[in-house]
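>>> quick one: sequence plus predicted model below, questions after.
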Amino acid sequence: MTDGPATLMDSAEAGADLDIEYPGGGMPVHASVPLPAGRWKIRATQNWADEENWVGLVQLLPIES
């Protein structure tokens with residue numbers, strides 16, 4: 001259940017660390033996702049083309065009450 005916007009981020013990062021610079025420089029990558037308040041079903045998958053190239057897909061579907 002959500003009461004508003006969500007943040008899309010790498011699962012290796014802790015949410016509290018999103019605004020903390022890495023020791024070697026740079027910031028964790030994340031994006032705001034505008035979501036209306038409500039309940040959501042989350043589907044996710046990853047697919048690798050080779051050892052270095054991959055894509056992840058996340059789908060949010062509203063759950064009717």
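Yes, it's here.
>>> measure the spatially most central residue of the chain to Gly38 for me?
Taking Cα atoms, centre = their mean, the centroid of the chain lies closest to Leu8, which sits 2.5 Å from it. Distance of Leu8 to Gly38, computed by Cβ to Cβ, to the nearest Å: 17 Å. (Each C-beta comes from the backbone N, C-alpha and C, glycine too.)
>>> which stretches in this protein count as strands?
All strands of the chain, identified by DSSP state E, fall at 6-9, 30-33, 40-48, 54-62.
>>> show me what Gly56 is bridged to.
Assessed by DSSP bridges, Gly56 has beta-bridge partners Gln46.
>>> ugh, typo on my part, it should be Ala31
Here Ala31, judged by DSSP bridges, has bridge partners Leu8.
>>> in terms of contact, does it touch Leu8 like I think?
Yes - counting by Cβ atoms under 8 Å, Leu8 is a contact partner of Ala31 at 4.7 Å.
>>> not counting sequence-adjacent ones, nearest residue to Asp17?
Of all residues not flanking Asp17 in the chain, Pro28 sits nearest, at 6.4 Å (Cβ to Cβ, 6 or more residues apart in numbering).
>>> burial count for the one you found?
16 (other Cβ atoms under 10 Å).
>>> residues in contact with it?
Contact partners of Pro28, counting by Cβ atoms under 8 Å, 6 or more residues apart in numbering, are 9-10, 13, 17-18, 20, 22.
>>> let's see the pLDDT reported for it.
Looking at Pro28, its pLDDT is 86.
>>> likewise for Ser65?
Per-residue pLDDT puts Ser65 at 68.
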